[in-house]
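*Asks:* Any chance you could fold what I've pasted below:
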Amino acid sequence: SKVLQMKKNQGIKINENMLNSLILGHVEARDMPKIPLTTVHYNALLRVHLENGNKFRPEQVLEDMRKHGAAPDKETYQCLISRHCQEGDIEGASKVLQMMKNQGIKINENVFNSLILGHGETSDMLKIPLTTIHYNALLHVHLEHGHKFSPEQVLEDMRKHGVAPNKETYQCLISRNCQD
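*Replies:* Sure thing, here's the model as predicted:
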């Protein structure tokens, strides 16, 4: 934070790369003791980045973790998959998913939902049975991006696949009608 304050006082605009470097411990200052970063630290930083929509490169995070002796865990992988999926990078998410499988880490609903949202970002849908939760997640993606869709068609598709809409589904469909 001393480094950031000094740069602000000098009129230097703090960009995302500078902030990321400081956060991940790449900035070396003589008055700043070296604090070993653990997996818990990385996971907390990843969550903050995700919550604030900050961009970061998952591959760089993994490399940095290895360099500092921190091993990624289930939460780390979930955050990295979320990041890839936010960008619509299904290939990157699949690589992280494979790392999880190789380490015997079970895939949970959060990972599954991230992958569905990622496919929604790329307009490339998996051939998987969807639940109400998944339809709702997809509706949110379409609403967020202003995509046009037919509420009637969504309900028909849900009926056809034996999926019952819930309150959230109807709220999304009403929101879509209000966009016109």
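*Asks:* and after the helix or strand where Leu50 lies, which helix or strand comes next?
*Replies:* Assessed by DSSP states H and E, Leu50 sits inside helix 39-51. Note on helix 39-51: by DSSP H and E, the next helix or strand toward the C-terminus is helix 58-67.
*Asks:* who does that following helix touch, helix- and strand-wise?
*Replies:* Where contact means 3 or more Cβ pairs under 8 Å, 6 or more residues apart in numbering; DSSP states H and E, helix 58-67 is packed against helix 39-51, helix 74-86, helix 90-102. Every residue, glycine included, has its C-beta placed from N, CA and C.
*Asks:* Buried by neighbour count: which residues of stretch 65-72 qualify?
*Replies:* Buried residues in stretch 65-72, counted by 16 or more other Cβ atoms under 10 Å: Met65, Ala70, Pro72.
*Asks:* tell me how far that stretch is from the chain's mean position?
*Replies:* Mean C-alpha position of stretch 65-72 versus that of the full chain (Cα atoms, centre = their mean, to the nearest Å) differs by 20 Å.
*Asks:* let's have the chain start at 586 instead
*Replies:* OK, 586 is where the count begins now, so the last one is stretch 650-657.
*Asks:* and the end-to-end length of that stretch?
*Replies:* In stretch 650-657, first residue to last residue: 7 Å (Cα to Cα, to the nearest Å).
*Asks:* so where is the chain shaky, pLDDT-wise?
*Replies:* Applying pLDDT under 70 to the chain flags the ranges 586-619, 694, 704-714, 764-765.
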